[in-house]
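1. Build me a model:
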Amino acid sequence: MARLGIWKRAKLSPLKAARERFGASILLCSLVATAAAARDAPPLPPRRPNLPQASKPVETKPAEAKPPPETTKPAEAVETCFDNLRAAGVLFEQTPAPAAPLDGCGINAPVRLSALKLGDRRVAFNGTPQLDCPFAIQFADFVKNLAAPLGAATMEAPLVAIDSGPGYECRGRNRQTGGKLSAHGKGIAIDLSAFIFSNGRKVAVEKQDDPQSTAYFKTLRTAACGWFTTVLGPGSDAAHANHLHVDIERHGSSDAYRICQ
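-> Residues are numbered from 1 along each chain as shown. Presented below is the predicted three-dimensional model:
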C-alpha cells in the first residue's frame, strides 16, 4: 500500500506504522457503512410536480329575474268579475270610471248595485251603492250568508232591503282634509244604516227599539269581521255613530289583521 511504502521509506517505528494502518482501516469501514446505509435507506418520495397557480374567480352578474308571463289580461279579469257577480245573483249595471279629484282615488271595475236575488225574493239596495266589482261580490256574500239568514232567524221575517250610503266617495278618512285616503275612495267600502224586513220592522244601526233588533244588530256586527277587514260602528268613534262602516282595506303586512270596533 502507498502508506506502507511511505512507512518503509521513512523508516517509521513499528508503533507509528500500526497507528497509520488502524486509521486507514477506520476510514475504510466508515465508507463501507455509509454505502450500505445509502443502499438500505427507503426511497425518497417522488418530486412534487409544479402545479399551475389558481386563477382568480371570474365575476359574473346574476341573471336578471324575468317577470312571470301574464295569464290573464286586466280586461279579461274585469269581465270575469262581472260574470261572477251575475252568477252570485246581484242585479247591477256597469258604470264609467268615477271622478277622482284626489290622488289614489278610482275604481278598476265600477258597478252600481240595485238588488240581490235570494231564491224567489230580492234584497233591495236602497242606496244603489257604486263599488269595485270584487268588493261587490264580497258584500253580496255577506248579505246572502249572514244578514239575510240571521234576520230570518232573529227577526222572524225575510230581509227585503238595506239602507246604505253611496259607496264610492273620493275623500279622506272620516272626511278629514289632507288625511289618509278612505277606502271609500277605492270603491271597497260601504256604510250601512238600516236593515228592513218583510213584516215592516226596521233595525237601525244608530239605535235599536227592542231586544230582537238589538240581538240581530250585535250578532251581525260581530260576525261581519269574518267578511271584512274593517268594521266600525256606534261607539268606535264619533264619525261612525249612526252607521256601520265595512271595508276590505289591507292593514299591516297581511289582510289577516282586522279592525273590528
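2. From Val111, how far off is Ile259?
-> The gap separating Ile259 from Val111 is 25 Å, by C-beta to C-beta, to the nearest Å. (Each C-beta comes from the backbone N, C-alpha and C, glycine too.)
3. higher neighbour count, those two?
-> Val111 (24 against 14; other C-beta atoms under 10 Å).
4. Assign that one to helix, strand or coil.
-> Under DSSP: H, G, I helix; E, B strand; the rest coil, Val111 falls in the strand class.
5. That one: what's its closest spatial neighbour, skipping adjacent residues?
-> Of all residues beyond its chain neighbours, the one nearest Val111 is Phe92 (4.5 Å), with distances taken as C-beta to C-beta, 6 or more residues apart in numbering.
6. same question, Gln208
-> Thr214 is the one closest to Gln208 (C-beta to C-beta, 6+ apart), at 4.3 Å.
7. tell me which residues of the helix or strand harbouring the one you found are tucked away?
-> Following DSSP states H and E, one finds Thr214 within helix 211-223. For helix 211-223, the neighbour count (16 or more other C-beta atoms under 10 Å) marks Ser213, Tyr216, Phe217, Leu220, Arg221 as buried.
8. For the following helix or strand past that helix, which outside residues touch it?
-> Counting by DSSP H and E, the next helix or strand C-terminal to helix 211-223 is strand 230-232. With contacts defined as C-beta atoms under 8 Å, 6 or more residues apart in numbering, strand 230-232 is touched by 183, 189, 221, 224-225, 240, 244-249, 251, 258-261.
9. Buried ones from those residues, can you make that a ChimeraX selection?
-> Those of the contacts of strand 230-232 that count as buried under 16+ other C-beta under 10 Å are selected in ChimeraX with:
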select :183,189,221,224,240,244,245,246,247,248,249,260
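10. Please report the distance of Phe125 from Phe139.
-> Applying C-beta to C-beta, the value for Phe125 to Phe139 is 9 Å.
11. Identify the contacts common to those two.
-> In contact with both Phe125 and Phe139: Leu113, using C-beta under 8 Å, 6+ apart.
12. secondary structure class for the residue nearest to Glu169 when sequence neighbours are not counted?
-> Nearest residue to Glu169 in three dimensions, chain neighbours excluded: His184, at 4.2 Å (C-beta to C-beta, 6+ apart). Under three-state DSSP, His184 falls in the helix class.
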